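Colleague: the sequence and its predicted three-dimensional model are supplied below.
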Amino acid sequence: MTASPRVRLRPVEETDIPIFFAHQADPVAAAMAAFPTREWAPFVARWTSIRVDTTGVARAIEVDGVVVGHIVSWLDGGQRLVGYWVGREHWGRGFATRALRLLLDEVPDRPMFAHVVLDNVGSRRVLEHCGFVVVGEVGADDGVREAILRLG
């Protein structure tokens with residue numbers, strides 16, 4: 001019997017940034033998330049601000065010692081939000097769900113919200129497996145429609 005992979009969260013390190021950059025540069029993943037791919041300098045600047053934000057939590061997702069993605073939680077307009085990104089080569093293995101459960105244990109703030117593109121069924125399933133429920137829908141100027149999910 002094979003042991004299940006060990007998923008853990010740890011603070012984001014400088015050496016994680018190129019891995020995260022490669023994940024967001026994947027055109028299939030970027031399309032699924034309906035999130036614009038950034039060039040290197042703006043990407044690094046954004047991660048620099050995320051890492052110094054004392055109201056937020058940023059964690060690398062490691063599976064058996066390999067960084068497979070990241071998960072973040074931040075305050076926006078008084079609401080606690082969560083978001084994550086797992087490299088496409090790691091999709092469908094339950095890593096995002098396990099990482100989200102770990103983050104929910106670490107960040108007790110409730111309610112917590114997440115936005116997910118309506119077509120991103122996998123990400124919505126991750127959130128629902130962790131207890132989030134759809135509470136609304138919103139559209140952006142670019143025509144992308146997102147479900148709003150809430151926990152607690």
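Modeller: Sure thing, it's come through. Residues are numbered from 1 along each chain as shown.
Colleague: would you mind measuring from the nearest residue to residue 83 once chain neighbours are set aside to residue 57?
Modeller: Leaving aside its sequence neighbours, residue 83 sits nearest to residue 72 (C-beta to C-beta, 6 or more residues apart in numbering; 5.5 Å). All C-beta spots, glycine's among them, are computed from the backbone N, C-alpha and C. Distance, residue 72 to residue 57, using C-beta to C-beta, to the nearest Å: 7 Å.
Colleague: what residues does the helix or strand hosting the residue nearest to residue 83 touch?
Modeller: Residue 72 belongs to strand 66-76 when assigned by DSSP states H and E. For strand 66-76, contacts defined as C-beta atoms under 8 Å, 6 or more residues apart in numbering pick out 9, 12, 16, 19-20, 23, 50, 53, 55-62, 80-87, 90, 95-96, 99-100, 103, 107, 109, 112.
Colleague: one more time with 7 Å
Modeller: Contacts of strand 66-76 with the rest of the structure, by C-beta atoms under 7 Å, 6 or more residues apart in numbering, involve 9, 12, 16, 19-20, 23, 50, 53, 55-61, 80-87, 90, 95, 99-100, 103, 107.
Colleague: who does residue 151 bridge with?
Modeller: Judged by DSSP bridges, the bridge partners of residue 151 are residue 112.
Colleague: residue 29 touches residue 88, doesn't it?
Modeller: Yes. With contact taken as C-beta atoms under 7 Å, residue 29 and residue 88 are classed as touching, separated by 4.8 Å.
Colleague: buried subset of the contacts of strand 66-76, written for PyMOL?
Modeller: Only the buried entries of the contacts of strand 66-76 go into this PyMOL selection, using 16 or more other C-beta atoms under 10 Å:
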select buried, resi 9+12+16+20+23+56+57+58+59+60+61+80+82+84+85+86+87+90+95+99+100+103+107
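Colleague: in which helix or strand would I find the nearest residue to residue 11 once chain neighbours are set aside?
Modeller: Among residues not flanking residue 11 along the chain, residue 59 sits closest, at 6.5 Å (C-beta to C-beta, 6+ apart). Remark: residue 59 resides in strand 57-63, with elements defined by DSSP H and E.
Colleague: CA atoms only: put that strand into PDB for me.
Modeller: The C-alpha coordinates for strand 57-63 follow below in PDB (Å, rounded to 0.1, in the frame of the first residue of the first chain):
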ATOM      1  CA  VAL A  57      -1.300  35.000   4.800                       C
ATOM      2  CA  ALA A  58       0.700  33.600   2.000                       C
ATOM      3  CA  ARG A  59       1.800  30.000   1.900                       C
ATOM      4  CA  ALA A  60       3.600  27.700  -0.500                       C
ATOM      5  CA  ILE A  61       1.900  24.400  -1.000                       C
ATOM      6  CA  GLU A  62       4.400  21.600  -0.800                       C
ATOM      7  CA  VAL A  63       3.700  17.900  -1.600                       C
END
